[in-house]
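Colleague: next comes the sequence, and after it the predicted model I'd like to discuss.
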Amino acid sequence: MITAEVLSKDYGAKRAVDSVSFTVAPGKVTGFLGPNGAGKSTTMRMIVGLDRPSAGSVSVNGRRYAEHAAPLREVGALLEAKSMHKSRSARTHLRAIAATHSIPNRRVDEVIELTGLAGVAAKKVGGFSLGMGQRLGIAVALLGDPQTLILDEPVNGLDPEGVLWVRNLARQQAAAGKTVFLSSHLMSEMAVTADHLIVIGRGRIVADAPIEQVIGGHNVPTCKVKTDAAPELMNALAAANVQLTRLDAETIEVAGLDGRAIATRALETGILIHELTPVLQSLEQAYMALTQGEVEYQSGSTDGPAETIKESQEQP
């Protein structure tokens, strides 16, 4: 278990993490999301003692990381996969780390097999690809068979097979009763891996809930509608708090009305619709809604040519 209590970190005049409190419970995969510069990596570094908190505290399995006599057996972390001796082989690198905790060489062989490194175990890590470096970093995290895993962007550089492997590994570790805390910029992957989400923005927690609640809590009913009378239907549906987007000649996306309300309005105005499909909100949409005011740098609009009626348009 990971417990943060009013945790803060200042770098000069800049507050990177601002009085955050959260608990990462065992037996589930907890995802950690936030824009670049939001404080994710700083928080993870404080958990494993690489950064000292300016205020507050954070513990792992009931103690600060530095207080554990054998931290590798308590916490396995992947924070910077490239932090390794480039002239060593993967096996030598793992054995050197294992020796610091009296971990037997047979465990080194086990994690080499588990992480798919058997074919390159004798090669120098300086020649590893990004994906192989990630696998070696995960192997280090697993070396002590720890109760808690902290993985920062573990799928970075991995091919689709590797991404699936990380997903299954995270879920297997959680199913075994372990604490799994991971970050990723791949929303589609987080959506199928995480059970719980903690979202941070500008150093503050903006969401801490099961993933279903995070998605459902920002869900605006949205439907795609096909009709031969798209302009007429858009005029019939226009109202405050309704956004209408023309996707093509026959297709409209309606946000703010459910399917029954759309069908009722179409019937009342004598407009035939030949397709009405609810659009389920994605994790990416919920995440964007949560963090839209929390990003450090705003990029310009990349909206396509879709025709949109704004929320303020009055009813005809």
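Modeller: Everything's here; your move.
Colleague: what is the burial count for the nearest residue to V242 once chain neighbours are set aside?
Modeller: Nearest residue to V242, sequence neighbours excluded (Cβ to Cβ, 6 or more residues apart in numbering): G256, at 4.0 Å. To be clear about C-beta, it is placed using only N, CA and C from the backbone, and glycine gets the same treatment. G256 has 17 neighbours, counted by other Cβ atoms under 10 Å.
Colleague: and for R52?
Modeller: As a burial measure, R52 scores 9 neighbours (other Cβ under 10 Å).
Colleague: who touches it in this structure?
Modeller: Under the criterion of Cβ atoms under 8 Å, 6 or more residues apart in numbering, the contact list for R52 reads M46.
Colleague: give me the secondary structure label for it.
Modeller: Of the three states, R52 takes coil according to DSSP: H, G, I helix; E, B strand; the rest coil.
Colleague: returning to that earlier point: so the residue nearest to V242 touches Q243, yeah?
Modeller: Yes. The criterion here is Cβ atoms under 8 Å, and G256 meets it with Q243 at 5.9 Å.
Colleague: elements contacting the lengthiest helix in the chain?
Modeller: In the chain, assigned by DSSP state H, the helix with the most residues is helix 160-175. Of the remaining helices and strands, those touching helix 160-175 by 3 or more Cβ pairs under 8 Å, 6 or more residues apart in numbering; DSSP states H and E are strand 28-33, helix 130-142, strand 148-152, strand 179-183, helix 187-193.
Colleague: lowest average confidence, helix or strand, in the protein?
Modeller: The weakest-scoring helix or strand in the chain, judged by mean pLDDT, DSSP states H and E, is strand 307-309 (a mean of 44).
Colleague: just checking, I262 touches L276?
Modeller: Yes. In terms of Cβ under 8 Å, I262 counts as a neighbour of L276; the distance is 6.4 Å.
Colleague: the two: which has the busier surroundings?
Modeller: More neighbours surround I262 than the other of I262 and L276, with 21 against 16 (other Cβ under 10 Å).
Colleague: now that one: phi and psi?
Modeller: Here is the backbone geometry of I262 (degrees, to the nearest 10): phi -70, psi -50.
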